[in-house]
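A.B. asks: give me a 3D structure for the following:
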Amino acid sequence: MATRIRLKRMGKKFYPFYRVVVVDSRKKRDGKVIEEIGTYDPNTQPSSIKIDSERAQYWLGVGAQPSDPVFNLLKITGDWQKFKDLPGKEGTLKVPQAEADAQARIEQAQNEAQKLKAAKSEAEAKAKAEAEKEAPKADESADAAQAEQAAE
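C.D. replies: Have a look, this model is predicted:
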């Protein structure tokens, strides 16, 4: 059986999403598939490419031919280089930095919030200590005033 690795279109109008599938070459584009080995979403920045490398290597090893778009995806992920034992096995897949940046910003905001909370509790403790120091002085002055009134 002649097998191909190609894209199966999913999603909706003007918002395509693809699955990377292994299929008999005589089947329709969206027909019955043998196995789904990954996904490709061109709508995100950078495009989201997830291919099960082990399964792609298996199917390439047993003779499945990738379509042109899948061939390009396999080169980006580095699976084609790995299959052909070419240099550059890591591929050129770009990892979205926004997620890492967002995590860093969230951690920074949490650290700032903790610092503010600590400073606030420290200020409250200082104010409480000062109030306790002033309270005995106020008691002494109140006692002195009562003593003067009693003497009169």
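A.B. asks: for this structure, what helix or strand is lowest in average pLDDT?
C.D. replies: The weakest-scoring helix or strand in the chain, judged by mean pLDDT, DSSP states H and E, is helix 97-151 (a mean of 78).
A.B. asks: centre of the chain to that helix, how far?
C.D. replies: 38 Å (C-alpha atoms, centre = their mean, to the nearest Å).
A.B. asks: does Arg6 sit in a helix, a strand or a coil?
C.D. replies: Secondary structure, DSSP: H, G, I helix; E, B strand; the rest coil: Arg6 is strand.
A.B. asks: now for it, how many residues are close by?
C.D. replies: 23 (other C-beta atoms under 10 Å). The C-beta positions use only the backbone N, C-alpha and C, and glycine is treated the same way.
A.B. asks: could you do the one 3 residues further on as well?
C.D. replies: Residue neighbour count, defined by other C-beta under 10 Å, stands at 10 for Arg9.
A.B. asks: quick one: it and Tyr18 touch, right?
C.D. replies: Yes - between Arg9 and Tyr18 there is a contact at 5.9 Å, judged by C-beta atoms under 8 Å.
A.B. asks: contacts for stretch 32-49, please.
C.D. replies: 3, 5, 7-8, 15-24, 27, 50-52, 55-56, 59, 73, 76-77, 93-96 (C-beta atoms under 8 Å, 6 or more residues apart in numbering).
A.B. asks: repeat that with 6 Å
C.D. replies: Contact partners of stretch 32-49, identified using C-beta atoms under 6 Å, 6 or more residues apart in numbering, comprise 17-23, 50-52, 55-56, 73, 77, 94.
A.B. asks: report the next helix or strand after the one helix or strand Pro16 maps to in sequence order.
C.D. replies: Assessed by DSSP states H and E, Pro16 sits inside strand 15-24. Using DSSP H and E, the helix or strand that directly follows strand 15-24 along the chain is strand 35-41.
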